[in-house]
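Peer 1: My questions concern the predicted model and sequence given below.
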Amino acid sequence: MINRPRRNVFILLSSHALPYAKVCIRTMLNNSVEPLRLRLVVDNYSEKSLIEAALSEIETPQDNLVEVVAKEEVQALLHKRFPGKKGLIQLHEGHPCWRKIIDPLVLCAEDEEFIVTDPDLYFPNLYSFEPTPNSGVMMMYQGPNCLLPPAAVRSVFDMGVKLANHVDIGVAQMRVGALDLDWLDWLVLGMDVERFRHFMHIEAIIWSAIAMKIGGEHLNPHAWKCWQRGHIKRVAVALGVPGKWTLKLEPLAQMKCIHVSGKSKWWVTESLESGFLKETRNRIDTPTQGVAYRELTKSYFEREQKLKTAAKKLGYYKLTKSA
């Protein structure tokens with residue numbers, strides 16, 4: 001019997017991600033102390049069949065509900081719920097990552113929360129998601145920002161829209177009613193996102209704008225950790241240190257979740273299979289204190305671009321490309 005309502009969780013998923021997504025799904029469901037309703041939103045009905053077959057290999061607690069939803073199903077609801085919203089439709093029809101913003105809004109009622117996550121997460125301990133606020137949005141924190149391409153960022157600044165720095169969308173949570181969808185539609189149309197449909201990071205720009213528009217805070221960066229491929233790690237791996245050893249530097253026993261993006265998601269998968277990493281399964285299920293958003297100003301952004309250009313000219317990115 002379910003004593004508590006299920007938390008509403010979404011993952012936008014491709015079958016190509018299954019090797020590491022299975023780690024995310026298994027540890028998310030099995031280590032949660034709350035019942036979850038997990039909806040995996042996939043690109044088409046063929047993908048739906050593949051994902052459903054893969055789910056049959058994952059044992060999960062009975063209180064959880066797992067569903068697979070095809071893009072076509074969301075599309076039909078989108079046109080019904082938000083007719084004439086061209087910007088919202090462009091989000092749904094653009095880069096698959098952009099659908100992390102719009103698809104949960106379509107699939108949830110106005111008074112419902114949604115928690116959207118990437119498939120490259122790892123939940124090493126018994127945990128609970130944070131309480132979703134009645135207003136505002138909560139997102140993970142990362143040191144550098146991933147707001148790309150620069151032309152898209154500048155277009156948002158030119159619209160007079162503020163952006164939050166340091167956002168990571170490994171986990172984001174809010175209530176549908178907290179966001180003005182007319183404003184979101186205006187933002188997407190003003191950015192002319194169809195110019196950038198090959199850039200997944202448009203999603204991060206829009207989430208950054210949402211954060212400054214409706215407020216909220218970062219999830220606690222120690223409990224909800226974004227794995228950083230910092231300078232020391234880049235150079236160490238480039239010099240031959242096995243990437244999986246960098247994971248040993250992370251205090252996994254103290255985290256609710258770690259976002260293992262880039263090559264590190266493969267290191268986690270391989271390390272768990274080989275026994276190099278083990279789930280600590282400590283109980284970390286109390287709410288944690290978040291961190292306030294910080295605005296990314298246009299002048300600061302332009303200084304960052306100059307530093308990145310200088311690093312590229314000096315050959316830094318070429319040196320650490322394989323790291």
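Peer 2: Nice, I can see it. Source: prediction; values computed, not measured.

Peer 1: Now do the contacts for R197.
Peer 2: 94-95 (C-beta atoms under 8 Å, 6 or more residues apart in numbering). Every residue, glycine included, has its C-beta placed from N, CA and C.

Peer 1: I figured N8 hits V116, correct?
Peer 2: No: with contact defined as C-beta atoms under 8 Å, N8 does not reach V116; the gap is 9.3 Å.

Peer 1: Show which residues not belonging to stretch 245-257 make contact with it.
Peer 2: 121-125, 127-128, 170-171, 222-225, 227, 233, 236-237, 258, 260, 264, 267-268, 271, 277, 280, 282, 284, 288.

Peer 1: Select from those residues every entry located in strands.
Peer 2: Cross-referencing these against strands under DSSP state E gives 121-122, 127, 170-171, 224-225, 258, 284.

Peer 1: Most neighbours of all the residues you listed, which one?
Peer 2: Y122 (29 neighbours; other C-beta atoms under 10 Å).

Peer 1: Hmm, that residue is touching I25, no?
Peer 2: No: Y122 is beyond contact range of I25, at 10.8 Å (criterion: C-beta under 8 Å).

Peer 1: ranges for the helices of the stretch 201-323 of the chain?
Peer 2: 202-214, 231-238, 243-247, 264-274, 298-313, 316-319 (DSSP state H, counting those that start in this stretch).

Peer 1: hmm, I was thinking of the stretch 1-150 of the chain
Peer 2: 18-31, 45-55, 71-81, 86-93, 99-107, 150-158.

Peer 1: Including mean neighbour count and mean pLDDT, could those helices go into CSV?
Peer 2: Shown next, in CSV, are those (neighbours: other C-beta atoms under 10 Å; pLDDT from 0 to 100):
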stretch, mean neighbour count, mean pLDDT
helix 18-31, 20, 97
helix 45-55, 16, 97
helix 71-81, 15, 96
helix 86-93, 19, 97
helix 99-107, 23, 98
helix 150-158, 16, 98
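
Peer 1: can I get these in a markdown table with distance to M212?
Peer 2: Below are those laid out as a markdown table (distance: least, C-beta to C-beta, whole Å):
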| stretch | distance to M212 |
| --- | --- |
| helix 18-31 | 29 |
| helix 45-55 | 34 |
| helix 71-81 | 25 |
| helix 86-93 | 18 |
| helix 99-107 | 15 |
| helix 150-158 | 10 |
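
Peer 1: Show the pLDDT at S322.
Peer 2: S322 carries a pLDDT value of 48.

Peer 1: didn't W267 look like it was pressed against V241?
Peer 2: No: W267 is beyond contact range of V241, at 11.6 Å (criterion: C-beta under 8 Å).

Peer 1: for Q228, what are its contacts?
Peer 2: Per C-beta under 8 Å, 6+ apart, neighbours of Q228: 142-144.

Peer 1: Please list all residues in contact with F129.
Peer 2: F129 neighbours (C-beta under 8 Å, 6+ apart): 7, 9, 32, 34, 115, 171, 173.

Peer 1: 10 Å - rerun?
Peer 2: 7-9, 28, 32-34, 36, 113, 115, 117, 138, 171, 173, 219, 224, 256-257, 285, 287 (C-beta atoms under 10 Å, 6 or more residues apart in numbering).

Peer 1: Just the buried ones among those residues, please.
Peer 2: 7-9, 28, 32, 36, 113, 115, 117, 138, 171, 173, 219, 224, 256-257 (16 or more other C-beta atoms under 10 Å).

Peer 1: quick revisit: so which of the helices of the stretch 1-150 of the chain comes closest to T297?
Peer 2: Closest approach to T297 among these (C-beta to C-beta): helix 150-158, 8.9 Å.

Peer 1: Which residues outside the closest one are in contact with it?
Peer 2: Residues contacting helix 150-158 (C-beta under 10 Å, 6+ apart): 145, 147, 149, 161-163, 187, 190-193, 195-196, 199, 201-202, 204-206, 208-209, 296-298, 301-302, 304-305, 308.

Peer 1: Next: stretch 262-275.
Peer 2: 17, 19-24, 26-27, 118-122, 124, 227-229, 233, 237, 242-248, 250, 252, 258-260, 276-279, 322-323.

Peer 1: Number of residues surrounding the spatially closest residue to H198 that is not a sequence neighbour?
Peer 2: Nearest residue to H198, sequence neighbours excluded (C-beta to C-beta, 6 or more residues apart in numbering): H95, at 6.8 Å. For H95, the count of nearby residues is 17 (other C-beta under 10 Å).

Peer 1: pretty sure H95 contacts R195?
Peer 2: No: look at H95 against R195 with C-beta atoms under 10 Å: they stay out of range, at 11.9 Å.

Peer 1: Name the residues contacting each of N8 and V116.
Peer 2: 39, 104, 173.

Peer 1: and the contacts of F129, which of them are in strands?
Peer 2: Reading strands off the contacts of F129 with DSSP E, I get 7-9, 36, 113, 115, 117, 138, 171, 173, 224, 257.

Peer 1: Which of those sits closest to I89?
Peer 2: Of the ones in strands among the contacts of F129, the one sitting nearest to I89 (C-beta to C-beta) turns out to be N8, at 22.8 Å.
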